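> Only the shape, not the letters, is given here:
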């Protein structure tokens, strides 16, 4: 297809139609993935705020692990992208063969963010976030810029994993046609590609923009 023909199809609304149709086909998987993530985030927020002692040791171990990662790999676009690609996209997608592990990874990611935010809001002190801040507002400021894309990428990757789970079920139980199975697998791969792009954008922002922007807003002097 020539570039002019592609642009004509784009401006004629065909691209929008394909995007809307793709979303409709995968809506239930995206909503399921988002629901699991945000439900876990809410539970983490509640536990972190009202029962902070229950998860303090766990959060301290996460902080220690993150600091060790930074000391070993530094904070660069590549190191962040590779880490988040592995744990935020690759694991939840490939685990989609069963679906249970995909849900577990979504729960862990959502719970971690929510529990840190809840714990920092509880005002009991004694812990710093992996960013080195103990204020919930500052925590949000230093996570939202890249977190919007990172969270979206994790949710989309989870949807791709659930799509893969659905594919396995259709192969084993419903005996769908090869064409139907191919379309489902293709959709799952497209979801993963979208997730990778979102994770890459998040890595670029986290490595190059988040800290300077956060320091400017909060007047703190956090360094990589």
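That came through fine. These figures come from a predicted structure and were not determined experimentally.
> In which helix or strand does residue 35 reside?
Following DSSP states H and E, the helix or strand that holds residue 35 is helix 14-50.
> Please read the previous query as pertaining to residue 154.
In this structure, residue 154 sits in helix 144-169 according to DSSP H and E.
> And the strands in the chain, which stretches?
Taking DSSP state E to define them, one finds no strands in the chain.
> Could you name the helices and strands sitting against the helix holding residue 154?
Here helix 144-169 touches helix 14-50, helix 91-94, helix 100-121, helix 178-205, going by 3 or more Cβ pairs under 8 Å, 6 or more residues apart in numbering; DSSP states H and E. Where you see a C-beta, it was placed from the backbone N, CA and C, and this is true even at glycine.
> Any chance of the ones you listed in CSV with distance to residue 64 and mean neighbour count as columns?
CSV is the format used below for the helices and strands packed on helix 144-169 (distance: least, Cβ to Cβ, whole Å; neighbours: other Cβ atoms under 10 Å):
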stretch, distance to residue 64, mean neighbour count
helix 14-50, 18, 16
helix 91-94, 21, 22
helix 100-121, 14, 22
helix 178-205, 22, 18
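> got those as CSV, with mean pLDDT and distance to residue 56 columns?
CSV is the format used below for the helices and strands packed on helix 144-169 (pLDDT from 0 to 100; distance: least, Cβ to Cβ, whole Å):
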stretch, mean pLDDT, distance to residue 56
helix 14-50, 92, 9
helix 91-94, 80, 26
helix 100-121, 93, 7
helix 178-205, 93, 28
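> which one of these lies closest to residue 71?
Across these, residue 71 has its closest neighbour in helix 178-205 (18.5 Å, Cβ to Cβ).
> do you know how far residue 122 is from residue 54?
When Cβ to Cβ, to the nearest Å is the yardstick, residue 122 and residue 54 sit 11 Å from each other.
> Which one's more surrounded, those two?
residue 122 (17 against 12; other Cβ atoms under 10 Å).
> Surely the more buried one touches residue 48?
Yes. Residue 122 sits in contact with residue 48 when judged by Cβ atoms under 8 Å, with a separation of 6.6 Å.
> Can you tell me how far the residue nearest in space to the middle of the chain is from residue 76?
Central residue of the chain (Cα atoms, centre = their mean): residue 154, 2.5 Å from the mean position. Distance, residue 154 to residue 76, by Cβ to Cβ: 20 Å.
> likewise residue 196?
Using Cβ to Cβ, we find residue 196 at a distance of 17 Å from residue 76.
> got it, and residue 199?
Distance, residue 199 to residue 76, using Cβ to Cβ: 14 Å.
> go on, residue 178?
Using Cβ to Cβ, one gets 43 Å for the distance from residue 178 to residue 76.
> same deal with residue 195?
Counting by Cβ to Cβ, the gap between residue 195 and residue 76 amounts to 20 Å.
> how many neighbours does the closest residue to residue 199 other than its chain neighbours have?
When the adjacent residues along the chain are set aside, residue 199 lies closest to residue 153, with 4.1 Å between them (Cβ to Cβ, 6 or more residues apart in numbering). Residue 153 is surrounded by 25 other residues when neighbours are defined as other Cβ under 10 Å.
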